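Colleague: missing the sequence, but the structure's below:
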């Protein structure tokens, strides 16, 4: 037995609009997650590049100068 606030129990016009609203909200959250995933990957890539182009040469310089 469906709950009284379930979309199936609403009148046909109201249930469809409610489901459309919920789908739009879900799409908005998915696109936000996609943007955050894209930015997260870019930040990870920038961190790797920073380590490679700054950290490794500084480490090599320190090793060479102490030897």
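Modeller: It's in. Just so we're clear, the structure is a prediction, and the values are computed from it rather than from any experiment. Numbers count the residues shown, from 1 in each chain.

Colleague: helix or strand: which one has residue 42?
Modeller: Using DSSP states H and E, residue 42 sits in helix 12-50.

Colleague: now that helix: average pLDDT?
Modeller: For helix 12-50, the per-residue pLDDT values average out at 75.

Colleague: do the same with stretch 54-67
Modeller: pLDDT averaged over stretch 54-67 gives 95.

Colleague: can you give me the buried ones in the helix holding residue 42?
Modeller: Judged by neighbour count using 16 or more other C-beta atoms under 10 Å, helix 12-50 contains no buried positions. Any C-beta I mention is one placed from the backbone N, CA and C, and that applies to glycine too.

Colleague: and the next helix or strand past that helix?
Modeller: With secondary structure assigned by DSSP H and E, helix 12-50 is succeeded by helix 56-66.

Colleague: helices or strands next to that next one in the packing?
Modeller: Helices and strands touching helix 56-66, as assessed by 3 or more C-beta pairs under 8 Å, 6 or more residues apart in numbering; DSSP states H and E, are absent.
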